[in-house]
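# What follows is a predicted protein model with its sequence.
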Amino acid sequence: MRHFSSMFNGLARLRRGKNSGNGDGREAAEAMAKDAKKNDLILRSSGFVNVDGSNNFASVFSKRGRKGVNQDCAIVWEEFGCQADMLFCGIFDGHGPWGHFVAKKVRESMPSSLLCNWQETLAQTSLDPDFDLESDKKHQRFHIWKHSYLKTCAAVDQELEQYRKIDSFYSGTTALTIVRQGDLIYVANIGDSRAVLATTSDDGNLVPVQLTVDFKPNLPQEAERIIQCNGRVFCLDDEPGVHRVWLPHEESPGLAMSRAFGDYCIKDYGLISVPEVTHRHITCRDQFVVLATDGVWDVISNQEAIQIVSSTSDKAKAAKHLVECAVLAWKKKRKGIAVDDISAICLFFHSSPLPQHEVNLVTTSK
């Protein structure tokens with residue numbers, strides 16, 4: 001129990017918030033967020049985060065496309081929940097008339113809600129007489145985070161539906177987030193943004209490992225759920241290969257993803273806001289992870305993305321370099337199609353990169 005109680009360090013304020021009668025400690029979590037922002041531990045715009053003594057280095061960049069207002073947004077929160085070894089980062093891709101407001105609302109709500117649910121799950125688990133954290137620490141921590149994420153996403157979606165200042169009936173957002181806790185990362189994905197890890201193979205090459213599934217409507221398990229709920233999945237004649245979700249008797253709303261927050265017009269027809277939650281143990285071979293919206297992955301391969309980031313001498317500009325390369329690739333590969341909003345987070349795991357002779361970049365034909 002001594003080891004388990006150490007996981008609560010820094011959460012005393014959350015517990016006090018819960019005991020003070022505010023129900024779920026949300027006010028205490030939001031106070032933590034305000035303090036973190038004041039101390040430059042939270043980044044909500046293009047830039048970078050590098051806290052003294054931390055192994056994390058995060059580069060963030062977002063560029064508006066040619067479709068109007070930028071509906072992408074991101075967040076990086078160092079010392080998440082006052083935990084020195086924890087970091088939260090997320091990228092959100094809004095869509096629909098109110099998509100930019102929905103994305104920012106989810107970005108605002110999700111971290112605090114996740115903190116509250118994580119603390120609550122920790123407390124409930126510690127009271128279980130059969131619980132032994134040390135017997136299988138990685139599995140137990142993953143179970144705690146997965147439960148916390150599932151509960152959080154359900155609450156955030158319900159809260160968004162009831163939030164009258166934003167019309168989310170025909171608007172929504174994807175959400176791809178990562179929590180790093182020591183040498184473990186927990187990845188939760190709703191939508192078609194993607195996380196790709198760059199790791200060093202046995203032969204010294206830097207290779208990509210895709211950590212998430214792009215939740216497109218034509219994936220067999222996604223299409224099956226949508227069809228069972230009387231939704232429809234098909235491509236328009238002028239968009240071959242682009243599968244979208246449609247209402248039973250209307251050619252609306254035509255979503256290009258099968259999971260999202262908001263979009264309540266089609267929530268009864270197969271669209272869900274349930275995240276896929278996974279985890280990975282970070283080793284000295286793992287260099288960084290890229291979180292990016294579909295504007296990157298529509299035109300840049302996983303291998304190309306990690307090469308671009310690795311070749312950037314200034315890590316603070318890594319995300320900007322990747323986004324700019326994606327914009328150029330979009331103009332070459334998708335002529336005549338308006339460039340999408342494009343955003344990326346590059347999260348480096350080690351304070352200093354491996355010496356150059358220890359990492360070889362794999363070259364691929366363009």
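All right, it came through fine. Numbering: from 1, shown residues only.
# any low-confidence regions in the protein?
The chain contains residues with pLDDT under 70 at 1-24, 53, 127-136, 351-366.
# now with 50?
In the predicted model of the chain, residues 1-13, 16-22, 353-366 satisfy pLDDT under 50.
# Using PDB, list the CA coordinates for the helix or strand harbouring residue 91.
Assigned by DSSP states H and E, residue 91 falls within strand 86-95. Extracted C-alpha coordinates of strand 86-95, given in PDB (Å, rounded to 0.1, in the frame of the first residue of the first chain):
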ATOM      1  CA  MET A  86       3.200  13.200 -15.900                       C
ATOM      2  CA  LEU A  87       2.400  15.000 -19.100                       C
ATOM      3  CA  PHE A  88      -0.900  15.300 -21.000                       C
ATOM      4  CA  CYS A  89      -1.100  16.300 -24.700                       C
ATOM      5  CA  GLY A  90      -3.900  16.300 -27.100                       C
ATOM      6  CA  ILE A  91      -4.900  17.400 -30.600                       C
ATOM      7  CA  PHE A  92      -8.400  18.100 -31.700                       C
ATOM      8  CA  ASP A  93      -9.800  18.500 -35.200                       C
ATOM      9  CA  GLY A  94     -13.200  20.200 -35.400                       C
ATOM     10  CA  HIS A  95     -15.700  20.000 -38.200                       C
END
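# Check which helices and strands that strand is in contact with.
When contacts are defined as 3 or more Cβ pairs under 8 Å, 6 or more residues apart in numbering; DSSP states H and E, strand 86-95 sits against strand 72-78, helix 99-126, strand 172-173, strand 175-181, strand 286-292, strand 342-348. Backbone N, C-alpha and C define where each C-beta goes, glycine included.
# right, so the ones you listed: which one is the most enclosed?
Across these, averaging neighbours per residue (mean count of other Cβ atoms under 10 Å) puts strand 172-173 on top, at a mean of 34.
# Pairing partners for the strand holding residue 91, with directions?
Partner strands for strand 86-95, per DSSP bridges, with pairing direction: strand 72-78 (antiparallel), strand 172-173 (antiparallel), strand 175-181 (antiparallel).
# I'd like these as TSV, with distance to residue 29 appended.
Compiled in TSV, the strands paired with strand 86-95 are given as follows (distance: least, Cβ to Cβ, whole Å):
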stretch	distance to residue 29
strand 72-78	11
strand 172-173	21
strand 175-181	14
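# Of all the ones you listed, which one comes closest to residue 330?
strand 72-78 (14.3 Å; Cβ to Cβ).
# and the angle for that closest one with helix 99-126?
30 degrees (axes from the mean of the first three to the mean of the last three Cα atoms, to 10 degrees).
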